[in-house]
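**Q** any chance you could fold what I've pasted below:
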Amino acid sequence: MSHAFLSEWIKLKRRSLFYGAYGAIAAVAVLATAVTFGTVGNASSGRGAAGSGGSSVTVAQLSASSGAIHGLQASLMLLGVIAFAIAATQIAMEFSQGTLRNLLIRQPRRLTFLGGKYLAVVSFMVGAVVLAAGAAVATAFVMAHIKGIPTSAWTTSSGFVDLGSGLLNVVAAVVGYATVGMVLGIVLRSSVAAVAIGIAYLLPVEQILAGTVRSASSYLPGQLFSALARGGTSDISYGHAIAGSLLYMAAAATGGALLFVRRDVTA
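**A** Prediction:
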């Protein structure tokens, strides 16, 4: 598995992909943080900032010990879409470019090959999220200073614990998106089709379903991943988000692995 992992990282380290993906993810986190803090108003006004999913973030929430991570959590949907696209592309292009057959000759144990490839993509995305978290927290301090929002609670022991747990939640959610993306790439064997269908579902379709069908958000994968990143929401509890996310990931991984092992590779 280590050989499959390292060989995948050779592709992931391509400058266009590495710097492009890491730069885009950091930029998304910075933008989401700037918008979150920039629209909250002055600390004395008590106005809230619009967040994703129609929720709002108040000055009290931003000045709490977990305030520094709010911007990163707000960017989860876009981070997830990027993770989904990268994971789907990395596996689907092996089919479309005809390189999978040669790779399986070198490593005929398909589950070992797939596991190494999956871990490489996951580690790539974890690194990107950690970088995005650093950029988001730095932006949060700058924006809090500009808007007059207290940050003393961020540097307490509780603040560091909340920052760590929030980062882990976002990482777990991004891994969920990457898992589903890789499986869809295996199913469709086309990076263009996988990315197009995945983005079409995650952005307009799922958002419409969540907004129009009562209680649908509790069962939709994107909504569950978003709730997981936020540590739970008013509609989806943290425990439900964890259980639902793990269920989707396990089902997707099992189905994708079975299909990958049993499907014939002719080119």
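
**Q** which ones are touching Ser158?
**A** Residues touching Ser158, when contacts are defined by Cβ atoms under 8 Å, 6 or more residues apart in numbering, comprise Ser65. In this view, the C-beta of every residue, glycine as well, is placed from N, C-alpha and C.

**Q** how much space between it and Ala27?
**A** Shown here: Ser158 relative to Ala27, a distance of 29 Å by Cβ to Cβ, to the nearest Å.

**Q** next: Leu259.
**A** With distances defined as Cβ to Cβ, the gap from Leu259 to Ala27 amounts to 35 Å.

**Q** over to Arg262?
**A** From Arg262 to Ala27 the distance is 40 Å (Cβ to Cβ).

**Q** more neighbours: which of those two?
**A** More crowded of Arg262 and Ala27, by other Cβ atoms under 10 Å: Ala27, with 14 against 8.

**Q** by contact count, what packs against the host helix or strand of the more buried one?
**A** Under the criterion DSSP states H and E, the helix or strand holding Ala27 is helix 15-38. Using 3 or more Cβ pairs under 8 Å, 6 or more residues apart in numbering; DSSP states H and E as the contact test, the elements touching helix 15-38 are strand 49-50, helix 70-74, helix 76-96, helix 110-147.

**Q** contacts for whichever helix or strand Ala196 is part of?
**A** The secondary structure element spanning Ala196 is helix 191-200 (assigned by DSSP H and E). The list of residues contacting helix 191-200 from outside it, by Cβ under 8 Å, 6+ apart, reads 81, 84-85, 88-89, 92-93, 96, 180-181, 184-185, 187-188.

**Q** how about the residues you listed in CSV, adding pLDDT and distance to Gly20?
**A** Compiled in CSV, the contacts of helix 191-200 are given as follows (pLDDT from 0 to 100; distance: Cβ to Cβ, whole Å):
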residue, pLDDT, distance to Gly20
Val81, 93, 15
Phe84, 95, 16
Ala85, 94, 11
Ala88, 94, 16
Thr89, 93, 12
Ala92, 91, 18
Met93, 89, 15
Ser96, 83, 20
Val180, 94, 22
Gly181, 94, 17
Leu184, 94, 21
Gly185, 92, 19
Val187, 93, 25
Leu188, 91, 23
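
**Q** distance between whichever strand or helix holds Leu167 and the chain's centre?
**A** In the assignment (DSSP H and E), Leu167 maps to helix 157-188. In terms of Cα atoms, centre = their mean, to the nearest Å, the gap separating the centre of helix 157-188 from the centre of its chain is 5 Å.

**Q** quick one: contacts for the closest residue to Ala153 other than its chain neighbours?
**A** On the basis of Cβ to Cβ, 6 or more residues apart in numbering, the spatially nearest residue to Ala153 that is not a chain neighbour turns out to be Ser65, at 4.4 Å. Contacts for Ser65 were tallied using Cβ under 8 Å, 6+ apart; they are Ala153, Trp154, Thr156, Ser158, Gly159, Val161, Asp162.

**Q** what about 10 Å?
**A** Ser152, Ala153, Trp154, Thr155, Thr156, Ser157, Ser158, Gly159, Phe160, Val161, Asp162, Leu163 (Cβ atoms under 10 Å, 6 or more residues apart in numbering).

**Q** now the phi/psi pair for it, please.
**A** Ser65 adopts backbone torsions of phi -60, psi -20, taken as degrees, to the nearest 10.

**Q** where does it land on pLDDT?
**A** Here, the pLDDT recorded for Ser65 equals 90.

**Q** so how do I select the buried members of the contacts of Ser65 in PyMOL?
**A** When burial is assessed using 16 or more other Cβ atoms under 10 Å, the buried subset of the contacts of Ser65 is captured in PyMOL by this command:
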select buried, resi 153+154+159+162+163
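
**Q** ok, now how distant is the most centrally placed residue in the chain from Val40?
**A** In the chain, the C-alpha closest to the average C-alpha coordinate belongs to Val174, at a distance of 2.3 Å (Cα atoms, centre = their mean). Between Val174 and Val40 the computed distance is 25 Å (Cβ to Cβ).

**Q** tell me who's in contact with the closest residue to Trp154 other than its chain neighbours.
**A** In this structure, Trp154 finds its nearest non-sequential neighbour in Ala68, 4.6 Å apart by Cβ to Cβ, 6+ apart. Each residue near Ala68 by Cβ under 10 Å, 6+ apart is listed here: 33, 62, 133, 136-141, 144, 151, 153-155, 159-160, 162-163, 166.
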